[in-house]
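Student: have a look; sequence and predicted model below, questions after that.
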Amino acid sequence: MATKDYSKNNKKRKQATENISTEVPTEYANLEMLSDEEALGDDAISDDGHVDKFPGIDIKSDSEEEYSEVADDEVEDDSDEEDNEDGEDDSNFDSDDSELHVFPKPKTITSKITGQQKRVYPEIDPHYDSDSSTEDAPNRVGDIPMHWYDDLPHVGYNIDGKKILRPARGDELDKFLQTVEDPSAWTSAFDKNAQMDKPLTTEELDIIRRLYVNEVPDANYDPYEPMTEWFTGKGKEEIMPLSAAPEPKRRWIPSKWEKQKVMKIVRAIRQGHIISSKPKTTSKYSFYSIWSEPSTSHPPPLPAPKPRLPTNSESYNPPEEYLPSEAERKEWEAQDPEDRERDYLPQKYSSLRLVPAYDRFIKERFNRQLDLYLAPRVQRVKLNIDPDTLIPKLPSPNSLKPFPNYKSLVFRHIKGRVRCLSISPDGAWAVSGDEDGFVSLWEIMVGREVKRWKFEGKIGSVEWCPRSDVNYFIVGIEDAIHFLIPPNIPNSVLSLTQALLAPATLPPLPAVPSPVKWITSPSHTSIDSPILTVHLPPSSGLPNQIAWHRRGDYFATVSTNGTQGGVWIHQVTKRHSQAPFKKVKGIIQLVLFHPLQPHFFVATQQYVRIYNLSEQKILKTLVPGIKWISSMDIHPSGDHLIVGGYDRKLCWFDLDLSDKPYKVLRYHTRAIRSLHFHPTYPLFASSSDDGSIQIFHSRVFNDLMTDPLIVPLKILRGHDIREGLGVLQVRWCIRQPWLVSGGADGKATVWCS
Amino acid sequence: MGRLKQKGKAGAAKAYVTRSSAVKKLQCSLADFRRLCILKGIFPREPRSRKRANKGSSAPTSFYYAKDIAYLAHEPVLQRLRDHKAFAKKLSRALGRGEWSSAKSLEDNKPIYRLDHIIKERYPTFIDAVRDIDDALSMIFLFASLPSSSRLPLEIIQNCSRLSAEWQLYVMEKRCLRKIFLSIKGVYYQAEVMDQTVTWLIPYQFTQYIPADVDVRVMLTFLELYQTLLGFVFFKLYTDIGLVYPPPLDTEKDDGGAGIGAFSLQDANNRITAFGPRKTNTVDVDGRKVSGKDVRQTIKSIDVSSVAHDADIDMANIEEAANEVEEEFVVHPSTSDIQTSASLPTFKSLATLPTSLSTDLFSPFSFYLSRETPRVIFEFIVRSFGGRIGWPASSGSGSPFDEADDSITHVIIDRPIIERPNETLEERQRRLKRKFVQPQWIVDCINAGKILLEDMYAQGHSLPPHLSPFGEYEGAYDPSAGFTKIFPAQESSESEQDVDGHDAEGGSTGLEDVPNIAMDDPVALRAAELAAEAAGVDYGAFEEKLNKSQRKLKKPVVNSFDDGEKDMNKMMMSNRQKKLYEKMKYSQGKRENEVQSSGIFAKTAHIFLL
């Protein structure tokens, strides 16, 4: 507030200075007289004068009119009272005098003479100390450092040479109390000379204020005083030249060099080298026929895929059936936005004016743009083909008849699974063995059981001797192989068979005693008991497979757990058995004789090895890629082998070619149990635990260029699945395209064409 | 021995670069890189093996072709972006120091990039560009409807609305609009330009607000590209048909809210043709002055013919229906009604019109828009198909005629019927002379390619469903086929039942079809049961019927030998083929499943039965 007042007053002061500019010299003189001591003395005397009132600001006196009035008065008064009141007459150096009340207050009275209002100032009492200029400071020590008196009880001497005693000074608390109690304490300062606080005079306070507001401290200094013209102005012009030198030509002849320079620029501008300011591009977009000139040879980038076109459900008025049910709506809302099949819920509005704004519009546009520049694009070849064309075109099964396609008859075992069966070489009889130890001989044409044998334990395998001049079959049970002659065979055949199996003179025993014993039973004439029994070494287990050589003299057996892989090759005429392998890698699953050559196929769990028996060496190892081989059969031509596994795979090997399968088929849903090539027809069958039998047409060609033709013909279903087991063995009839199958459900079934 | 192969020197490791390394190579900020990618149309690629492309690391990154990035390095726009960065630094320094004059001169020489070369590069031929303007159109139509803000300067919005008006003018001029679909998201339009189908989407006229999770910078960069692209495309389109581009804008009309009417198409030889009057000329060209009366008569004749023949035919599959009707007519000439036969040639000619002629679909008509119908949509549509259209002043200035005009044949109105108790005679007559249709009629007519009956779309009527003209994928549920498709071969099954010896229930009409649907869908089954109950059939009979039809349906599956053979042949497929086959079958099945599982059949059955 105070500073604001001050600045306001400054302006006023300027006006005032203008008014009284003529009195400047007087003011100077006045200032000159204001020495420090004088001021001090002055203040000391007028202690209880009007100065005390300085801090109180009279608000009423702030108004301009009053001020001007006062100023006028002052101007008037100045002329009168200048002489006698020069100490206090500082109306023109301080505009605040109206507030300061340095003068005693005037009284306004009516003049008796004029009758006008007039101001009357109180009489000045010219007593001794009324004029500060005549007053001296009491301490007369002069301008010396006052700390010399610090230790003394006095502070100097007065004019009379008497000691001036140090005034009493209280402690800090007193000082503080004094500042609080004395209202003039904040305008007083410590006087070293008197060693006490003295109030500051009005002039001193004014100097402080000026310093505070960055003004010239001297109130009488006028920074804007008019210039005194000494050399210029009317009648003071210089008329004589300073030098007598003649004026040079360049003062009036235009410069050639300047002209050349300008012309250079002009030429550059004309030729367009210098452009005054670049023409601003009016718009960022200016269009022209951009496609008129030929394009580059670069192929165009692939166009971005277009978004899907809207479907019926997006309509504002879709058919009723597109609207989601409450459950569908809830499901849609519960899904994450990324998982939703479509990004909207179908809605129906009865008229167009009711359709609201779509709130995700911008978001969807934005997502589309994100797709355009952030999503990796992969070009996929879309196969626009009918998937059915991928299915190979094969000859129709109807053109590949005959093959078995219906169930002709069923022969039932009492109970127990039919593990094995075999067909007689003439194709009229079948013999089947089950897990209860029963071996049944029955007629294929009518399914009538002719004879039943009972053995201890399971029947592991049954196989008919392929020779046509003799007629017998062998049955493999635990640790033994029995030779049986079927009943009702012609006498000549019977006698020949008996002569073969129970000759009068036994062939000589081998030099090295074999663990396999060939024993002719004493009652060999009876057909109820086996005519000959081969006792395998003890604990060799059940012979799972019996494989005949095509001549019918040798046969091989594979037992579940025997030494040397459990494989024995037996010779009937010599009554001799030998183990072909000393040491076998892996567990032997199956063996087979080659139909034409002295080759021997041995299937372990994962490999099929082919040995040449005459040269006694391994020929080949086939890798079917099956985890566990379950079955194997060789084509009658001897060039092709099929291998089936428990892992449902069937591999067709062309033996002339690679040791990898020519074809791998996987069509059964459960493990393959048995495979068999038809001896005469181009057929083979596979049976599986899924209860089905699959018939294939398999034609092989003599020339090596043509691949064998495999055509699936028929799936025969009719066996039940018992305890996870389905059809355990299939065998073809030799002369007809008929199939006999034995299943875990105790049925032996004949399938006819 | 050859040189040892070093890792990362060939193959995928060299062909792909990750995004961060691309940014590093280009020495620009990620935002600038994104901008460049948008402008240049570069997108990430999916390498065959991410691990190999990323030098053994399987961290999730996006990959770009190294060649793409190498091309980007020479891009002039990249240089401009760098210049701009330097400029921004200089400017901020000048502003910070208070050097206003240098700041101004800097601002004057601000680096600007142009996208002409990019357009040329991305679209070497005009056809390429036209093929790709779908997104661009949708974007400018969207931005033309946005409010301006600090992030979205007014110039951009004005430019977008100008471009959108130019496009609409061109489409109207060339009459190349083909299909329209009123969806819940907005209006889809499909036009055929230079033998390319262009589809774009315009939101309904509401103020849109940019949501917080949308990056406006990205959208604006796309918009920049699209504006340039569309400018060049429109320039070519306009100049190819001999028009001046850009079309002059009448600011006075524009301020009056005339919309596209504010632009006037100008011939290259300086003949200015305002858009509205030219349309009336084409109507006149027919040889005689077409008055409203003529038009009404024409409509009447069309109406009569169609009323007589396809009263019972579903509106949606009009084409088929028309053909059927025609055949029927040839076999049995109608004898009852002479008027119909007289008007038949008109109908026939209408039905056999080639699609190209349907661009003049509305040329005989004059429409008047009611206040509540969106003028922007229907002005564009009607004019694209040759119709005249007027609107009240509240929808904007520039209407060629007012409501009292006699030539008005149709009023497009979208409000319920109200009673008019204090109607003058004149007003009443005028009202009766006009047809009051709901807006969907216009769109359905266009999609059907012919004028449909107004009755179903009359004011206050509940509308028939509005179907997508773009069709569905193959094998999808077809609502227009209706009930007949869902329950096929009804008649034959009935006759078979009779042969079986069962006495056919003569009374329960409509129930025969029930069991056929009910097979596998519990919802449908329930609906069918309800229907049977309503028809008064006892539950035993219903169940018997159900079982029978099920047996019948199952039988052919077992008997079909062909299928079994095919299944067997499948065994001989190689593993790879088998997988492919399964995949294709799976996707086929999925699509069918979608239709089935969406319960659409059940719903249909329900709706039809109730």
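Tutor: In hand now; what should we look at?
Student: does the closest residue to A:N193 other than its chain neighbours count as helix, strand or coil?
Tutor: Of all residues not flanking A:N193 in the chain, A:N139 sits nearest, at 5.1 Å (CB to CB, 6 or more residues apart in numbering or on different chains). C-beta here means a position set from N, CA and C on the backbone, and glycine is covered the same way. Assigned with DSSP: H, G, I helix; E, B strand; the rest coil, A:N139 falls in the coil class.
Student: cool, the one 5 residues further on as well?
Tutor: Applying three-state DSSP to A:I144 yields a three-state assignment of coil.
Student: tell me the contacts of B:I69?
Tutor: B:I69 is in contact with B:17, B:22, B:25-26, counting by CB atoms under 8 Å, 6 or more residues apart in numbering or on different chains.
Student: what subset of those is buried?
Tutor: B:17, B:22, B:26 (16 or more other CB atoms under 10 Å in any protein chain shown).
Student: strands - which of those residues land there?
Tutor: Mapping the buried ones among the contacts of B:I69 onto strands (DSSP state E) picks out B:V17.
Student: in JSON lines, list the buried ones among the contacts of B:I69 along with distance to B:W167 and pLDDT.
Tutor: Shown next, in JSON lines, are those (distance: CB to CB, whole Å; pLDDT from 0 to 100):
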{"residue": "B:V17", "distance to B:W167": "39", "pLDDT": "94"}
{"residue": "B:A22", "distance to B:W167": "35", "pLDDT": "95"}
{"residue": "B:L26", "distance to B:W167": "35", "pLDDT": "94"}
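Student: neighbouring strands - and their directions - for the helix or strand harbouring A:L421?
Tutor: Here A:L421 sits within strand A:418-423, counting by DSSP states H and E. Note on strand A:418-423: by DSSP bridges, its sheet partners are strand A:429-434 (antiparallel).
Student: list the buried residues for the helix or strand following the partner strand?
Tutor: Counting by DSSP H and E, the element after strand A:429-434 in chain order, helix or strand, is strand A:438-443. By neighbour count with 16+ other CB under 10 Å, strand A:438-443 contains the buried residues A:438-442.
Student: got phi/psi on A:I569?
Tutor: Main-chain torsions, A:I569, degrees, to the nearest 10: phi -110, psi 120.
Student: now the residue lying closest to A:Q578 once chain neighbours are set aside: how far from chain B?
Tutor: Leaving out its chain neighbours, the residue that sits closest to A:Q578 by CB to CB, 6+ apart is A:I569, at 5.6 Å. According to CB to the nearest CB, to the nearest Å, A:I569 stands 36 Å off from chain B.
Student: name whatever forms a beta bridge with B:V198.
Tutor: Beta-bridge pairing for B:V198 (DSSP bridges): B:A191.
Student: could you pull up the mean pLDDT of the helix or strand hosting B:M568?
Tutor: Assessed by DSSP H and E, B:M568 sits inside helix B:561-570. Averaged over helix B:561-570, pLDDT sits at 70.
Student: longest helix of chain B?
Tutor: If you go by DSSP state H, chain B has its longest helix at helix B:216-240.
Student: sorry, back to before: turn the buried residues of strand A:438-443 into a markdown table, columns for pLDDT and distance to B:R131.
Tutor: Shown next, in a markdown table, are the buried residues of strand A:438-443 (pLDDT from 0 to 100; distance: CB to CB, whole Å):
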| residue | pLDDT | distance to B:R131 |
| --- | --- | --- |
| A:F438 | 89 | 80 |
| A:V439 | 90 | 80 |
| A:S440 | 90 | 79 |
| A:L441 | 91 | 81 |
| A:W442 | 90 | 78 |
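Student: now do the phi/psi pair for the residue of chain A positioned farthest from its centre.
Tutor: Among the C-alpha atoms of chain A, the one most distant from their mean position (CA atoms, centre = their mean) is that of A:I113, at 109.0 Å. A:I113 adopts backbone torsions of phi -80, psi -60, taken as degrees, to the nearest 10.
Student: so for it, what's the pLDDT?
Tutor: Predicted confidence (pLDDT) for A:I113: 81.
Student: what does A:D553 give?
Tutor: pLDDT recorded at A:D553 is 88.
Student: got the domain ranges for the chain?
Tutor: No chain in the question, so chain A it is. Domain assignment of chain A by automatic domain parsing yields the ranges A:2-212, A:414-581, A:585-753.
Student: wait, I meant chain B there
Tutor: What automatic domain parsing lists as the domains of chain B is B:12-74, B:79-113, B:118-273, B:291-416+B:426-460, B:483-609.
Student: hey, least reliable of those domains by pLDDT?
Tutor: Note on the domains of chain B: lowest mean pLDDT is at domain B:483-609, with a mean of 60.
Student: ranges for the strands of the stretch 201-350 of chain A?
Tutor: Read by DSSP state E, counting those that start in this stretch, the stretch 201-350 of chain A holds no strands at all.
Student: residues in it within reach of chain B, list them.
Tutor: A:277-278, A:280-281, A:284-285, A:287-291, A:295-296, A:298, A:300-301, A:303-304, A:306-307, A:309-312, A:314-322, A:325, A:328, A:344, A:346-347, A:349-350 (CB under 8 Å from any CB of the partner chain).
Student: out of those residues, which are buried?
Tutor: A:285, A:287, A:290-291, A:300-301, A:304, A:309-312, A:314-319, A:321-322, A:344, A:346-347, A:349.
Student: quick revisit: which residues are in contact with the residue nearest to A:Q578?
Tutor: Going by CB under 8 Å, 6+ apart, A:I569 touches A:554-556, A:577-580.
Student: next, format those as CSV and append neighbour count, secondary structure and distance to B:T409.
Tutor: Output for the contacts of A:I569, formatted as CSV (neighbours: other CB atoms under 10 Å in any protein chain shown; DSSP: H, G, I helix; E, B strand; the rest coil; distance: CB to CB, whole Å):
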residue, neighbour count, secondary structure, distance to B:T409
A:Y554, 19, strand, 104
A:F555, 23, strand, 102
A:A556, 23, strand, 100
A:S577, 23, strand, 110
A:Q578, 14, strand, 109
A:A579, 18, coil, 107
A:P580, 17, coil, 104
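Student: so how many other residues sit close to B:E173?
Tutor: Here the number of neighbours of B:E173 (other CB atoms under 10 Å in any protein chain shown) works out to 19.
Student: quick one, phi/psi of it?
Tutor: phi -70, psi -40.
Student: pLDDT below threshold where in chain A?
Tutor: For chain A, the stretches with pLDDT under 70 are A:1-104, A:125-136, A:278-283, A:523-525, A:562-565.
Student: so A:R342 touches A:P310, yeah?
Tutor: No - assessed by CB atoms under 8 Å, A:R342 is found out of contact with A:P310, at 10.0 Å.
Student: what sits closest to residue 470 if chain neighbours are left out?
Tutor: All of this refers to chain A. Leaving aside its sequence neighbours, A:V470 sits nearest to A:T497 (CB to CB, 6+ apart; 4.3 Å).
Student: ah, I was thinking of chain B
Tutor: Leaving out its chain neighbours, the residue that sits closest to B:F470 by CB to CB, 6+ apart is A:L309, at 3.8 Å.
Student: identify the residues contacting the one you found.
Tutor: Residues counted as contacts of A:L309 (CB under 8 Å, 6+ apart) are B:188, B:199, B:468, B:470-471.
Student: no further questions, thank you.
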